[in-house]
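Visitor: just coords:
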């Protein structure tokens, strides 16, 4: 199978206090590209939840995040129009929740579902 690019919009409606990833759930395989694009409500970032992950899986995810700001956090994208690209690493099949650190209080969450 070829490599697939999945575009995930990072958007907000600040008047209604809605912050979200669109789509919020992405199904991908190792080698696929996740392209996070800030469309509104900057700043945003992508941070994967560490809970329940083995050390090896955390290391694989961390290695896939360019310009990390902490173990499982990508950089904050300060302006609309910016993009952040991740190549899905060869982690075990399963669900990998993520969130935007600047909007965690607003429940800006998503989920990467890795399939074989």
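Guide: Good, I have the coordinates. Quantities reported herein were computed from a predicted structural model and do not represent experimental measurements. Numbers count the residues shown, from 1 in each chain.

Visitor: which residues in this protein form strands?
Guide: 5-13, 18-22, 25-28, 33-38, 47-48, 83-87, 94-99, 109-114 (DSSP state E).

Visitor: in TSV, list these along with mean neighbour count, distance to residue 62 and mean pLDDT.
Guide: C-beta: built from backbone N, CA, C; applies to glycine. Converted to TSV, the strands of the chain look like this (neighbours: other C-beta atoms under 10 Å; distance: least, C-beta to C-beta, whole Å; pLDDT from 0 to 100):
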stretch	mean neighbour count	distance to residue 62	mean pLDDT
strand 5-13	17	19	97
strand 18-22	18	20	96
strand 25-28	16	18	98
strand 33-38	19	15	98
strand 47-48	22	9	98
strand 83-87	17	11	98
strand 94-99	18	12	98
strand 109-114	18	14	98
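
Visitor: between these, which one is nearest to residue 72?
Guide: With C-beta to C-beta as the criterion, residue 72 lies closest to strand 47-48 of these, at 4.2 Å.

Visitor: gap between the residue of the chain most remote from its centre and residue 44?
Guide: Most distant from the centre of the chain: residue 15, at 23.9 Å, with distances by C-alpha atoms, centre = their mean. Separation of residue 15 from residue 44 (C-beta to C-beta, to the nearest Å): 17 Å.

Visitor: what sits against the residue most central in space within the chain?
Guide: Nearest residue to the geometric centre of the chain (C-alpha atoms, centre = their mean): residue 46, 4.2 Å. Residue 46 is in contact with 36, 65, 73-74, 84, 86, 98, 100, counting by C-beta atoms under 8 Å, 6 or more residues apart in numbering.

Visitor: can I get those residues in JSON lines with distance to residue 53?
Guide: Formatted as JSON lines, the contacts of residue 46 follow (distance: C-beta to C-beta, whole Å):
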{"residue": "36", "distance to residue 53": "20"}
{"residue": "65", "distance to residue 53": "13"}
{"residue": "73", "distance to residue 53": "14"}
{"residue": "74", "distance to residue 53": "16"}
{"residue": "84", "distance to residue 53": "20"}
{"residue": "86", "distance to residue 53": "16"}
{"residue": "98", "distance to residue 53": "12"}
{"residue": "100", "distance to residue 53": "19"}
